[in-house]
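Trainee: When you get a sec, could you give me coordinates for this:
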Amino acid sequence: MDATVLIADGNGARANAIAKACGDRGISCAVAPHGAAALEVALTEVPEILLADPALPLIDLGQLREILRTNPRTEGIRLIRLGSADPGEPAAAQHCFDAAMPPADVADSLWAMLEEDTQRVRMSDGVSGSEGSAGVDGELEQLALTDLLQLFHVSRKTGTVELERRTQGDVVERGKIALSRGEILHAEVGGISGEKALFRLIAWLRGSFAFRPGPVPIESTVKQPTLALLREGRRQVSEWKRLAGRMPPMDAHATLTIRSASLPNVIHPLTQEVLLVLENFSRIGDVVDHCSYPDYQVLRMLHTLIRRGMLALRRDVPGPNGSSPRAGLFSPAQASRLRSWIEQEGPGAPDAKLLVAASSAEAGAEFARVMARLPGVELSPSAAGSPLPADRIGPLGRIAVDGATGIEFIQVPVADRFHPLWPVAGEGAIAVLLILAGPLSAAVEAIREIGEALRRLPRARVFYMMLLEKGRSVAADELGENIALLDETSLFLIPQENDGKAQILLREMFGRIVL
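Mentor: Below is the predicted model of the structure:
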């Protein structure tokens with residue numbers, strides 16, 4: 001690349017780090033420690049881009065800009081402020097980089113700017129439309145999605161990229177990516193969303209795209225910086241190409257060849273999630289879909305488990321739909337254990353009783369919503385319409401375990417004045433499920449008294465379900481603050497934004513309840 005970037009910065013260490021990162025990408029750079037030196041270089045070499053600290057010594061950036069603009073040779077230099085925007089300049093007339101941006105990210109953005117003209121030529125070969133038209137259309141064979149998104153990032157576009165491709169079975173797949181001022185806000189494809197969906201779309205090497213400019217009133221599901229995501233996407237595509245022949249086929253089925261009890265106590269979270277999903281889904285494609293990690297990472301982990309002899313592949317379909325060895329929530333062994341427990345409690349009772357207490361009315365309503373999506377669950381009329389008030393006791397619903405038995409959910413209030421009722425309601429319950437939502441510390445405080453009272457009952461088994469709002473997680477130190485009350489083996493973090501993962505975790509939770 002022949003283009004030149006001039007870095008004018010009084011912070012020599014930062015300037016040199018950016019220059020080195022640019023050099024690694026083939027960008028020719030010059031470094032100036034103050035405004036006077038920058039002016040001299042600009043007049044002699046006429047760089048294409050001037051990246052400058054607003055607080056330049058000797059000649060500040062404002063003066064330098066005015067001098068360059070009045071000279072016909074230098075008026076076309078693209079100026080980028082290394083810091084906050086200039087309030088005296090129109091926003092459309094300036095471009096800024098965060099002063100704290102890592103040098104590698106700065107270099108990536110500069111490279112994209114310098115490549116913009118080349119990209120436009122590439123787009124003109126396989127793309128119809130222009131920036132001023134209703135949209136831009138093209139083929140991924142001519143322009144990779146990562147290059148397209150980087151171009152839109154540099155030009156700070158707002159709109160939606162719609163993608164479409166045909167698979168080997170001539171099935172049409174569609175996805176979309178929402179952008180706001182060049183930043184990726186949301187991606188979705190095949191029922192998944194967020195960064196997992198983005199990486200899946202980036203792996204599409206063929207297909208068509210269409211950019212439709214305009215507002216994108218979509219809640220953000222992508223949290224990582226755009227440039228970092230694009231770098232990771234390129235890396236995954238490169239690795240995927242290298243290992244494509246070794247990855248397990250999507251239509252194959254996997255079987256665990258070792259006993260779960262023989263697995264180590266401490267394993268990587270990705271491995272743990274893959275093994276958990278395999279308890280409910282055997283088809284590779286379903287495992288990939290139901291894991292929260294990017295497709296490439298899941299397939300790489302499956303490949304590793306197969307290579308180590310922990311998984312075996314087969315082509316036969318274990319069930320009518322081929323997606324799961326069982327459609328219900330409970331296995332035959334679990335149903336048998338529940339029937340045995342009910343018989344021990346006394347004859348004539350067809351169902352077990354599960355006591356449910358929520359930290360707030362909102363938590364109870366969300367619990368009902370989550371449960372309604374599970375197979376075999378039938379909510380009571382009150383819970384299906386508007387959930388019971390937090391100060392009332394009553395049935396929430398029932399989950400069928402098999403044709404004859406089930407588990408009935410009974411709500412109890414958490415207010416202190418109901419303290420005498422708690423032991424009576426908990427008598428004969430198979431377990432107690434405490435529902436938490438919102439900030440963990442506040443939710444735990446709301447159910448602290450009822451939790452401690454019910455834990456004192458004979459044969460008490462208390463489980464905690466933390467309903468995580470979209471984009472929220474619970475930090476380890478936040479759990480640590482409540483560890484005296486919360487037993488991590490009985491705490492289940494249920495993401496509200498990921499139905500597939502939520503169902504898998506709920507299967508595990510109910511499996512422990514009927515143990």
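
Trainee: domain assignment for this structure?
Mentor: Annotated domains of the chain cover 4-114, 116-243, 247-314, 332-513 [automatic domain parsing].

Trainee: Tabulate those (a markdown table), appending mean neighbour count.
Mentor: C-beta: built from backbone N, CA, C; applies to glycine. Formatted as a markdown table, the domains of the chain follow (neighbours: other CB atoms under 10 Å):
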| stretch | mean neighbour count |
| --- | --- |
| domain 4-114 | 17 |
| domain 116-243 | 17 |
| domain 247-314 | 16 |
| domain 332-513 | 17 |
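
Trainee: Dump those domains to a markdown table, plus mean pLDDT.
Mentor: Compiled in a markdown table, these are given as follows (pLDDT from 0 to 100):
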| stretch | mean pLDDT |
| --- | --- |
| domain 4-114 | 83 |
| domain 116-243 | 80 |
| domain 247-314 | 81 |
| domain 332-513 | 76 |
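
Trainee: hey, where'd the helices end up in the stretch 101-250 of the chain?
Mentor: 103-114, 116-126, 145-154, 195-202, 226-243 (DSSP state H, counting those that start in this stretch).

Trainee: I'd like to know which of those helices lies nearest to Glu445.
Mentor: Nearest to Glu445 among the helices of the stretch 101-250 of the chain is helix 195-202 (33.2 Å), distances taken as CB to CB.

Trainee: That closest one versus helix 145-154: what angle between them?
Mentor: 120 degrees (axes from the mean of the first three to the mean of the last three CA atoms, to 10 degrees).

Trainee: how far off helix 226-243 does helix 195-202 point, in degrees?
Mentor: Using the same axes, to 10 degrees: helix 195-202 against helix 226-243 is 60 degrees.

Trainee: Contacts for helix 195-202 next, please.
Mentor: Residues outside helix 195-202 that contact it (CB atoms under 8 Å, 6 or more residues apart in numbering): 145-146, 163, 175, 177, 184, 187-190, 192, 221-224, 229-230, 232-234, 236-237, 292-296.

Trainee: For Asp170, see how far away Asn280 is.
Mentor: Plainly put, Asn280 is 30 Å away from Asp170 if you go by CB to CB, to the nearest Å.

Trainee: Ok, Glu139 next?
Mentor: Relative to Asp170, and taking CB to CB, Glu139 is found at 18 Å.

Trainee: got it, and Ile80?
Mentor: Taking CB to CB, one finds Ile80 at 47 Å from Asp170.

Trainee: do Glu343 as well
Mentor: Applying CB to CB to Glu343 and Asp170 gives a distance of 54 Å.

Trainee: Strands along the stretch 301-450 of the chain, start to end?
Mentor: For the stretch 301-450 of the chain, applying DSSP state E, counting those that start in this stretch gives strands covering 311-314, 351-358, 377-379, 394-400, 406-411, 431-437.

Trainee: Who are the contact partners of Ile258?
Mentor: Ile258 neighbours (CB under 8 Å, 6+ apart): Gly309, Met310.

Trainee: sec struct for it, please.
Mentor: coil (DSSP: H, G, I helix; E, B strand; the rest coil).
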